[in-house]
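# need a 3D model of the sequence below.
(4 chains)
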Amino acid sequence: MPSFNFTSFSDFLAMGGYGFFVWLSFGGSIGALLALGWYSKRQQQQFIQQQSGRAAREARVRQQQDREQV
Amino acid sequence: MSHIAVFRATLERELKLLARQKADWVNPLLFFIIILTLFPLGVGAKPNLLREIAPGVIWIAALLSVLLGAERQFRQDYRDGVLEQLVAARAPLLGYSLAKIAAGWIGSGLPLILVSPLLALFLGLSAEALLAVVLTLLLGTPLLSLLSALGAALTLSADKGGILLALIILPLYIPLLIFASAAVEQAGFGLNYQAQLAVLAAMLCVALALVPIAVQKALKLNVG
Amino acid sequence: MLLSARQLSCVRQDRVLFEQLDLQLHASEVLQIAGKNGAGKSSLLRILAGLCEPEDGEIYYQQLPLAQSADDYADNLCFIGHLAGVQPQLTALENLVFWRACFALKPADDWALLATLGLAGLEDIPCQQLSAGQQRRVSLARLWLTSAQIWILDEPFTALDQSAIAALTAHIAAHCSQGGAVLLTSHQPVDIPGYAVREFMLEYRW
Amino acid sequence: MFKWLDPYAKPQVLFATLLWWQRGLMPLSIVVLLLGTIWGLGFTPADYQQGDSYRIIHVHVPAAIWSMGVYAWMAIAAFIALVWQVKTAQWAIGAIAPIGAVYTLIALFTGAAWGKPMWGTWWVWDARLTSELILLFLFLGVMALQNAFADRQTGDKAAAVLAVVGVVNLPIIHYSVEWWNTLHQGATITKFAKPSMDPSMLWPLLICILGFALLFGALTCLRLRTAILQHEAHRPWVRQYVEEQQDAKL
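Model (predicted):
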């Protein structure tokens, strides 16, 4: 494994004077990827909530219909 | 039922409609001229500045006015149910869409070419530049009509069709815009621009071969 | 058996309109599809006309699945949907000329045909100026010109007055007598002189 | 042809396979990405010319490469959907397009952040950045078209046609922008292509490129599973899956 390139952690943060740009782009990219993953996961959960709501609604309608027939 | 019969019948019908509904081809033309008058007002009327931005301005205005006219191309037939019956009878849609695109070009592309001498006046174009404008419009506007017809066919049954049509088709106009305005710019400097015209012609041929198939597919899926 | 559908199912916006639906259409028969609004009558008709694919199931034209027989089925089909298919800015005659080129209709004396349909004097004015019923008659004029054996008509009697309904039912009867088949939907009771109208009920699924 | 692919056209089988793939790919892609970025950030020597700002390459280049790659994958799915009428391929377009849009956005964003120290401005009409921007418009166009229809099926098919048309236009746009760039600006100061790199710098970059690929795979599995559920909502196996998920949560 090649050696650690920076003497100290603060030096690592400074990134040779370009720290702002480097961390901005890395932070931004990881943020965007996390947002995409979270959004996709939430989309799926939202669908499951909707569907179970629908199933409950259908059950209610069926009960109502059975009560009318009786 | 052959393609030629449907092509001729549709073209005849479209030309009758164009004759009866003058607005279909007058509005895009007026829109083109109005946009051209906006630029000097916005950018300032210094002659050499205008001459420098003229190629881009002319082509952006042409591009937008063809796009404006495209949205209604298939919508009327879709709403009346003509398209539905053509698809149900598996009539040759290729002939139909080619005729529609040709009529669309006559309605929105041709007037631009006829009015281009007016541009020379407005933007102080030299004679060679004007010739280049006419040549590039001659090659470019059919390509514009093809692509905008594809956009119109794709967004046929979409509810907010207008803006969506522009959003999906404008990126496809970019190569045409680049080469056409470059050709006019070269002509302005008195250099020859055969290369750019050749590229435009090549793009037109490719589009003429591929786009009608996509239009046919788009019409079928929108009716289904 | 001209047209048959097996195990058809159709889904619109996540709502199952119908499932495992079987249907047969025989020569010289009139089949009426009845059902409440939203039961999926029009969707069923559009699937049978080959306009859109069903979710599952298969349609057979003379025992051949549509995948192989689509073209000759379309040649032998005349579909008139909810929409009249009439271009408002054109006159009735121009519409007929356009249809003749697209649908390979028989050449005929259009003026006489439009007169029999009660459109005498309205042949050469833009259809825009005709009433809905008159526009409907213009679109139905195709039934007098088509050589197709199967007719699929989506609510042909809407906006028609008594005389037009009588003319249409007589024409359907004549068509069936020559071995034609008609599949239609209608809200009013349909009686074709000389033919028992078979009814196919489409239940409304919540 | 491709008979072995047939079972995967059936949504339920595909759904289970995608779940299996996703469970494997998601952690793997995170590990590979972490390895690549940490190695690239901390354990490689600085570039003699650009100093440490070159480290942005570990995010910019994979995103730029894969933005084109994702569009190509979307176009393949669209082609399969249109030619062989495979429903699951149609649904894949709606699943893949947002991933491509985010990758392109990352490529643009990191390209601008990298360009600021080198050229002094955030945005330069450089050939690669401009065609990346147009690629973003193509992705957004496909996404907008897909959601513009009331009927989900029509939206998927329209997006498929646009994806195929787009992929035909992609090289034309790329080379015309490239030509346009040389015409108006002459070659940009520093060739924006990957600088010739010695192996110690190359390895982390390759790992990052692999990481982005795996992440694309994992996200596609996740999003395609959602699309399958949405399109097959009326099927009994979906209702059963929804109940299972509901009980699992209680």
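
# can you read off the pLDDT for D:Gly24?
Confidence at D:Gly24, expressed as pLDDT, is 93.

# so the lengthiest helix in chain A, near chain C or not?
If you go by DSSP state H, chain A has its longest helix at helix A:19-69. Yes: on the criterion CB under 8 Å from any CB of the partner chain, helix A:19-69 is in touch with chain C at A:Glu58, A:Val61. For every residue, glycine as well, the C-beta is placed using N, CA and C.

# without its sequence neighbours, what residue ends up closest to C:Cys10?
C:Leu17 (4.6 Å; CB to CB, 6 or more residues apart in numbering or on different chains).

# so what are the sheet partners of the helix or strand harbouring the one you found and their directions?
Assigned by DSSP states H and E, C:Leu17 belongs to strand C:15-25. Sheet pairing of strand C:15-25 (DSSP bridges) gives strand C:3-12 (antiparallel).

# can you map out the strands along chain B?
Using DSSP state E, chain B contains no strands.

# cool, and chain C?
Ranges of strands in chain C, per DSSP E, are C:3-12, C:15-25, C:29-34, C:56-61, C:64-65, C:77-80, C:150-154, C:181-185, C:197-201.

# got a list of contacts for the last one?
Taking contacts as CB atoms under 8 Å, 6 or more residues apart in numbering or on different chains, the residues outside strand C:197-201 that touch it are C:Leu23, C:Glu29, C:Val30, C:Leu31, C:Gln32, C:Ile33, C:Ala34, C:Gly35, C:Val190, C:Asp191.

# give me the low-pLDDT residue ranges for chain B?
Applying pLDDT under 70 to chain B flags residues B:1.

# longest single helix anywhere in it?
Per DSSP H, chain B has its longest helix at helix B:194-223.

# what residues of it count as buried?
B:196-197, B:199-200, B:203-204, B:207, B:210-212, B:214-223 (16 or more other CB atoms under 10 Å in any protein chain shown).

# stretch D:199-219 too?
With burial defined by 16+ other CB under 10 Å, the residues of stretch D:199-219 counted as buried are D:201, D:203-205, D:207-219.

# could you do stretch C:44-60 as well?
Using 16+ other CB under 10 Å as the test for burial, stretch C:44-60 gives C:44-52, C:54-55, C:57, C:59-60.

# re the thing from before, okay, the strands of chain C in CSV with distance to B:Thr141 and mean pLDDT next?
As requested, those are exported to CSV (distance: least, CB to CB, whole Å; pLDDT from 0 to 100):
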stretch, distance to B:Thr141, mean pLDDT
strand C:3-12, 40, 88
strand C:15-25, 45, 86
strand C:29-34, 48, 89
strand C:56-61, 43, 88
strand C:64-65, 45, 88
strand C:77-80, 36, 90
strand C:150-154, 40, 91
strand C:181-185, 45, 90
strand C:197-201, 52, 85
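
# for those, which one sits closest to B:Leu191?
Nearest of those to B:Leu191, taken as CB to CB: strand C:77-80 at 58.3 Å.

# touching chain B at all, the closest one?
Yes: contact of strand C:77-80 with chain B (CB under 8 Å from any CB) involves C:Leu77, C:Cys78, C:Phe79, C:Ile80.

# and that strand, what other elements does it pack with?
helix B:82-88, helix C:142-145, strand C:150-154 (3 or more CB pairs under 8 Å, 6 or more residues apart in numbering or on different chains; DSSP states H and E).

# packing partners of the longest helix of chain B?
If you count contacts as 3+ CB pairs under 8 Å, 6+ apart, helix B:194-223 packs onto helix B:72-80, helix B:82-88, helix B:93-104, helix B:127-154, helix B:161-188, helix D:152-185.
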